[in-house]
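Trainee: whatever this is, show me its structure:
(chains A, B and C, ligands or ions: 2)
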Amino acid sequence: VVLKIATVSPDGSSWMVKMRAGAKAVTEATEGRVKFKFYPGGVMGNDRAVLRKIRLGQLQGGAVPGGSLAKFAPNSQLYNLPLLFRSFREVDFVRERMDRLIVEELEDGGFVTFGLGEGGLAYLMTDAEVTQVEQLRKKKVWVPDNDPTTVGVVESFGVSPIPLSIGDVLPGLQTGMIDTVATSPIAALALQWHTQVSHMTDIPLLYFYAVLAIDKKVFNRLEAGDQIVVRDIMGKVFADIDKQNRKDNLDAFAAMQKQGITLSRPSSEQADIWHQSAERAIDDIVQNGGVSKPLYQQLMDYLEQYRGAQAKL
Amino acid sequence: MLTLAIIFLILLALIGTPLFIIIAAASLFGLWWQEIHLSVMAVEIYRITDTPMLVALPLFTLAGYLIAESRSPDRLVALTRALLGWMPAGLPIIALITCTFFTAITGASGVTIVAIGALLYPALKKAGYPGRFSLGMVTASGSLGLLLVPSMPLILYGILVQQMNIGPAFELKQLFIAGVLPLLLMVLLLALWVLWATRKEPVERQPFRWAEARRALWLAKWELPLPLIVIGGIYGGWFAISEVAAIAALYTLIVQVFLYREIALRSVPAIMIKASVIIGEIIVILAVSLALTNVLIDAEVPALVFETIRETITSKYVFLFFLTLLLLALGAILDIFSATVVMVPLILPVALSYGIHPIHLGIIFLSNMQIGYFTPPIGMNLFIASSRFKRPITEIYSATLPFFFVLLLAVLIITYVPALSLALIDH
Amino acid sequence: MTVKTLTAGLNRAFIALESTLLVMILAALLLLANGQIVLRNFFGTGIMGADNIMRILVLWLALFGAMVATRRREHILIDLVSRSVPRHICRYLERGVDVFAAAVCVVIAWFSLTLIQLEFEDATVVAGWLPVWVCQVVIPFSFLVMACRFLFQALVPSAWLPEGVQPLC
Ligand code: NA
Ligand code: NA
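Mentor: Ligands and ions are numbered 1, 2, ... in the order given. Model (predicted):
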């Protein structure tokens, strides 16, 4: 069986190198019964086009952002809620306990996945210090025009974002058409946006991740033993990717500051205002059934448990 | 079976089947051959809506049609004659520079030919340049400028290579600077060719006269802001590229209908329909080309061809030569973004092993893509020119060929003289 | 009223509708794009999803434009052979080409229905509210219209040629 997998990561990137290595190991372990064929660099289109091609059987899977599978597993957006996590340690504490639930829901939704690969935390990057919500409202904030999650986050602060296509962002920053972007340090460095901003606000806006999602109908056609092999090897690959990305995220965060970008730290009162705005946005999402209430409550319980333990230290 | 189908389609193409039908049929056959659901064809057609900058294409085209329907070409001729009449080949050189900037802004989607070419072609003819020469020049200039910021393919190449994280590191800015000299070389060679080609058809030169310049400037007063809005708006940073297209279209509409009053309001719908026909042609061809690209990539054709070249060749200079041939062919067949994303990861490691700098490779790659757009017989811009100027494709072929060879010479110089790309960035 | 005048009347009505829609789509594109600029510069905001919707409008514009191109025989093509063979052979070739083109269009129209069905089942939306399948309806519609026009031209080769457009043969 050949599993054709599309991704937007370019060939030669660390994701692709690791996935290709994993694919090779799978082929060897299954004596050639299971092969992977990768279509990197977005040549098969963005996640929506990839999902259509999976439905039509041209592709059997894709490495896609977690939120893109919300149609099939609404709670896969759980971690993407605005200002949910305040640090990577909180992320780790929750993910250790809840990743399993998300993977199960994705499986029920028709996609076999092999664990979550960290994308990172997105931050506000601007041309001046932004520590208060009011300051952000005066900014010209860019959001990706096809990403309702980020749009929701930014709008929850009473900001009307400026949608531009991704190619317009760097010129837009250079010329002052926009002066604020919300993205991860890794992306900012890769796309050279870091050269156009001076400050980064030390509040993680949004956590994002990606999964390798394979059509369950196809996966079930593999021999039982092969299924275990694929799960085992690709599971390790994703654990590895997850770990590597954490390291890259931390490095990129540090590199941003080494490039002369100042970290703006809101006071605890200011931070509270940010979090209150975000909680109202989250309430809306939960009320509208974007994610399930019990699951969100469970996540908040874990966070409180963690934060409580931290406070005692 | 495969060969038979290809021959059949080529024959159909030669007896006048619409190009989009040929490409669609080839894609459908490819999908069927690889046992892929034929509905993927519709996915690919719909995928055109994910193309960044797509909106700029119809808006610039509309602006171009409105300008071409008015007496703007006359005013442009009068203006260049008054300002640059003392200079040999003043208008063609202005035309080259205009096309360069416009393509840098819009990408090489053929919109340069549709929007700017339609102004320049009649202007060149009116100024006394031979029709065939003008046709060739306007067609060949339709992709000039791919090496100039903010050309999307240039940015894409830079980001792609940086993410691969192999070879010497560089900044995007260095890549942008690297494109400058090669681009100047192309413009210079083209300008020299223009001087040579028109030497026997002397377009009357005249000394510069203030009074005439003032009068011509005054007549063109409503059109002059347009290049300022477009080029100034983008390089000066007032507008996004898609926005500039919107402003240009609206501005042109107002100027031609209400200020110059050369186009009656009631004839605007007819012009819009005319423009939509060519917009439709270009976008539908782009859409079915995406499908064909998808089929070829699914069958890993570009990778197989490249592997064959890589395995048979051991010398850097021969490798570069075959790379040129391959890139020319791919540039003509594939859409430029897919070609970049598929080919760069394949080529880069091999190129590095031959000691080719990634910045130099990028300039080589994009220069080849650029002339791929009008490489006979299937370069996309040839067909667009044929359609826009209502000239048979054979005439476009022969008119463009001299320009093709001039730019091929430029590409060979760029390929074999790395200093041209790297001189300005060596610290 | 004969069948002939009736079909001619229907055809005229359809062309009028087609032209009106085409002009409206392009006008909407122009207004929406300029509206975005006004909003950004004077109000520091933008219409969410406008970019998406504009790109879908471009698809509609393109496919309607292609329909008109079929009617007026203005498709981009390589006219190498037709000009160099005798007229009556050229006529046959042209009819063959039209039948082939019609067939290709029918295949695309038919299989695009599957995609629309999938999008309908998945209830995917653009810009938060616009169903994707509605946006895609233009694909089978336009290709079906093109198929009919190619077929009609195979039967009546000189039909619909606008003024000034030379027939290939
Ligand atoms: Na162009
Ligand atoms: Na191309």
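
Trainee: which residues of the chain score low on pLDDT?
Mentor: Reading this off chain A. Applying pLDDT under 70 to chain A picks out residues A:145-148, A:165, A:167, A:175.

Trainee: let's do chain C instead
Mentor: C:1, C:157-169.

Trainee: could you verify that residue A:178 is part of a helix?
Mentor: No: the assignment for residue A:178 (DSSP: H, G, I helix; E, B strand; the rest coil) gives coil, which keeps it out of a helix.

Trainee: from chain B, how far out is it?
Mentor: Spatial separation of residue A:178 from chain B under the definition Cβ to the nearest Cβ, to the nearest Å is 9 Å. (Glycine included, C-beta is placed from N, CA and C.)

Trainee: for that residue, grab phi and psi.
Mentor: In terms of degrees, to the nearest 10, the main-chain angles of residue A:178 are phi -130, psi 160.

Trainee: residue A:198 versus the residue lying farthest from the centre of chain B, what's the distance?
Mentor: Farthest-out residue of chain B from its mean C-alpha position, per Cα atoms, centre = their mean: residue B:211, at 37.4 Å. Residue B:211 sits at a distance of 52 Å from residue A:198 (criterion: Cβ to Cβ, to the nearest Å).

Trainee: same question, residue A:228
Mentor: Using Cβ to Cβ, one obtains 51 Å as the distance from residue A:228 to residue A:198.

Trainee: neighbour count for the two, which is higher?
Mentor: Legend: neighbour count by other Cβ atoms under 10 Å in any protein chain shown for residue A:228 and residue A:198, higher for residue A:198 (16 against 12).

Trainee: which residues does the closest residue in space to the more buried one that isn't next to it in sequence contact?
Mentor: By the measure of Cβ to Cβ, 6 or more residues apart in numbering or on different chains, the closest residue to residue A:198 outside its immediate chain neighbours is residue A:127, 5.5 Å from it. Taking Cβ atoms under 8 Å, 6 or more residues apart in numbering or on different chains as the contact definition, residue A:127 lies against A:179, A:180, A:196, A:197, A:198, A:199.

Trainee: beta-bridge partners for the second one, please?
Mentor: Translated: residue A:180. Residues found in beta-bridge contact with residue A:180 (criterion: DSSP bridges) are residue A:126, residue A:141.

Trainee: equivalent analysis for the last one, please.
Mentor: Residue A:199 has the following beta-bridge partners by DSSP bridges: residue A:126, residue A:262.

Trainee: give me the neighbour count for it.
Mentor: By the other Cβ under 10 Å criterion, the neighbourhood of residue A:199 contains 19 residues.

Trainee: and it, what does it touch?
Mentor: A:125, A:126, A:127, A:128, A:129, A:130, A:261, A:262, A:263, A:264 are the contacts of residue A:199 under Cβ under 8 Å, 6+ apart.

Trainee: those, buried ones only, as a PyMOL selection?
Mentor: Typed into PyMOL, the next command selects the buried ones out of the contacts of residue A:199 (criterion: 16 or more other Cβ atoms under 10 Å in any protein chain shown):
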select buried, chain A and resi 125+126+127+129+130+261+264
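
Trainee: the contacts of residue A:199: which two are farthest apart?
Mentor: Spatial extent of those (Cβ to Cβ) is set by the pair A:127 and A:263 at 14.6 Å.

Trainee: helix or strand for the residue nearest the centre of chain A, which one?
Mentor: With the centre of chain A defined as its mean C-alpha position, the nearest residue by Cα atoms, centre = their mean is residue A:208, 1.9 Å away. Here residue A:208 is covered by strand A:206-215, with elements defined by DSSP states H and E.

Trainee: note down every partner strand of that strand and its orientation.
Mentor: When DSSP bridges is applied, strand A:206-215 pairs with strand A:61-65 (antiparallel), strand A:111-112 (antiparallel), strand A:117-126 (antiparallel).

Trainee: following that strand in sequence, what is the next regular element?
Mentor: Under the assignment DSSP H and E, the closest C-terminal helix or strand after strand A:206-215 is helix A:216-219.

Trainee: is any residue of that next one near chain B?
Mentor: No: taking Cβ under 8 Å from any Cβ of the partner chain as the criterion, helix A:216-219 and chain B are apart, separated by no less than 13.7 Å.

Trainee: check which helices and strands that helix sits against.
Mentor: Contacts defined by 3 or more Cβ pairs under 8 Å, 6 or more residues apart in numbering or on different chains; DSSP states H and E place helix A:216-219 against strand A:111-112.
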